[in-house]
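[1] Sequence and predicted structure are below.
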Amino acid sequence: SQKIEQNSEALNIQEGKTATLTCNYTNYSPAYLQWYRQDPGRGPVFLLLIRENEKEKRKERLKVTFDTTLKQSLFHITASQPADSATYLCALAYGGSQGNLIFGKGTKLSVKP
Amino acid sequence: EADIYQTPRYLVIGTGKKITLECSQTMGHDKMYWYQQDPGMELHLIHYSYGVNSTEKGDLSSESTVSRIRTEHFPLTLESARPSHTSQYLCASSEMRVSGNTIYFGEGSWLTVV
């Protein structure tokens, strides 16, 4: 079965630096991959979607890459701010583009002023 | 912000009680989901629905049941709650697009069974 590994449970960085989070998966490549942000006690919020035929996607200070050879996605937040502190979840679609998502455990990012 | 609402947000009940967690969305989405998430752990899909009168079991076995009589409403019921059911339950919905389904989550319902 498909498994997702987000490389670290927690990441601490200084304000203004770039945060880089990693998502690795096993088995087959998904039709697309998504990143979500989750704040404590809240539901996840969608950030970005990248399809298997796309190498990179950007949205404001966010950038996602997708390497189907390495079976890996990288999520970058540039010029990080304390308000970026949250848990970031990687999610993969299985069973095609209309399939359901499976989620990783997430990486808890803390940005210190 | 997504228009998906869950009630109650927090619930503490005794073992053996029947409970229903309510979920409504105003976006007209066909597909709806229930996920279960324990603190610090990943979300697990327990139920989903493609539309009215459609219900499917997810990847994680659950003793709960769901119904979908109206597009906007997807309640989850536990007939007899047990302490092992203590968890956060997240309702979600999505449009079904060829390009992929972006999921919109509610704020979650925290259930504690004592």
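    Perfect, I can see it now.

[2] mind listing the strands in the chain by residue range?
    Unless you meant another one, I'm taking chain A. With DSSP state E, the ranges of strands along chain A come out as A:4-6, A:10-14, A:19-25, A:32-38, A:45-51, A:56-59, A:62-67, A:72-77, A:86-93, A:101-103, A:107-112.

[3] switch to chain B, that's the one I care about
    Assigned by DSSP E, the strands in chain B fall at B:4-7, B:10-13, B:19-25, B:31-37, B:44-49, B:56-57, B:65-66, B:76-78, B:87-94, B:103-105, B:109-113.

[4] Run a quick neighbour tally on the residue of chain A found nearest chain B.
    Taking C-beta to the nearest C-beta, chain B has its nearest neighbour within chain A at A:G43, 3.2 Å off. The way it works is simple: take the backbone N, C-alpha and C, and place the C-beta from them, glycine included. Taking other C-beta atoms under 10 Å in any protein chain shown as the criterion, the count of residues near A:G43 is 23.

[5] Quick check: it touching B:L90?
    Yes - using C-beta atoms under 8 Å, A:G43 makes contact with B:L90 at a distance of 5.2 Å.

[6] where do the contact lists of these two overlap?
    Common neighbours of A:G43 and B:L90 are listed as B:105-106, B:108 (criterion: C-beta atoms under 8 Å, 6 or more residues apart in numbering or on different chains).

[7] Throw these into TSV and include neighbour count, pLDDT and distance to chain A, thanks.
    Output for the shared contacts of A:G43 and B:L90, formatted as TSV (neighbours: other C-beta atoms under 10 Å in any protein chain shown; pLDDT from 0 to 100; distance: C-beta to the nearest C-beta, whole Å):
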residue	neighbour count	pLDDT	distance to chain A
B:F105	23	95	3
B:G106	26	96	5
B:G108	22	96	5
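
[8] Nearest spatial neighbour of A:L49, chain-adjacent residues omitted?
    A:Q34 (4.8 Å; C-beta to C-beta, 6 or more residues apart in numbering or on different chains).

[9] Is the one you found bridged to anything, and to what?
    Counting by DSSP bridges, A:Q34 forms beta bridges with A:L49, A:A91.

[10] Could you verify my assumption that it touches A:L101?
    Yes - the pair A:Q34 and A:L101 passes the contact test of C-beta under 8 Å, sitting 6.8 Å apart.
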